[in-house]
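**Q** here are the coordinates; sequence isn't available:
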């Protein structure tokens, strides 16, 4: 991947679910997070907090909590009994193989406004992580799997009661031999409109 402009990085970034076993240093993770922390926020203090799951012992505890949460939430109900054990093994193996996971949290706002602002800021922070990582040939998968809404999982993962999980970020160096997925976006004209359309509608109603 050649050195890119900001616009190119935004357009080229993809979610990478193929893992490599290449080690990602704690220093690299800290560098990514420091750059990401320049996201905008509305509050007095930066709203994001991150729990890093990287060491083998941490990973084993973390994956055990995910599997326990899946059982608690009956996530496996959609699987046929004959495929259940394979699905559980596949899920457990995947999460055990992820080099680094970040548990990214935001404060639970006291009002609807403050909560929206916190979630918005932390989402911008996560996007920054994805973009800065992409520029360094590191892939990020932003997961909002059911466990992030499980209070028991949250507590056992070290997340404070007054905070909410916005996502789990699986991080791995990109295997340069894989074919990157293509991204499709609707034309901008399909999801934008001018306020003049509403003004014209209101004007017509007033005349009637």
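**A** Done, it's in. The shown structure was predicted, so the numbers you read here are calculated from the model rather than taken from an experiment.

**Q** C-alpha only now, for contacts and for neighbours.
**A** Noted.

**Q** Against residue 147, how distant is residue 72?
**A** Here the criterion is Cα to Cα, to the nearest Å. By it, residue 72 lies 9 Å from residue 147.

**Q** For my notes, confirm residue 177 occurs in a strand.
**A** No: looking at residue 177 with DSSP: H, G, I helix; E, B strand; the rest coil, it is coil, so not inside a strand.

**Q** Report the mean confidence score over the longest strand along the chain.
**A** As assigned by DSSP state E, the longest strand anywhere in the chain is strand 163-173. Average pLDDT, strand 163-173: 97.

**Q** Partner strands of it, with direction?
**A** Partners of strand 163-173 in the sheet, by DSSP bridges, are strand 100-107 (antiparallel), strand 138-143 (antiparallel).

**Q** For residue 72 and residue 147, indicate the residue with more neighbours.
**A** Using other Cα atoms under 10 Å, the more surrounded residue of residue 72 and residue 147 is residue 147, with 23 against 14.

**Q** and the strand or helix carrying residue 200, what does it pack onto?
**A** Using DSSP states H and E, residue 200 sits within helix 195-207. For helix 195-207, there is no helix or strand it packs on, judged by 3 or more Cα pairs under 8 Å, 6 or more residues apart in numbering; DSSP states H and E.

**Q** coming back round to it: would you mind listing the outside residues contacting the longest strand of the chain?
**A** With Cα atoms under 8 Å, 6 or more residues apart in numbering as the test, strand 163-173 has contacts from 19-22, 24, 98-108, 119, 122-123, 137-144, 148-149, 154, 159.
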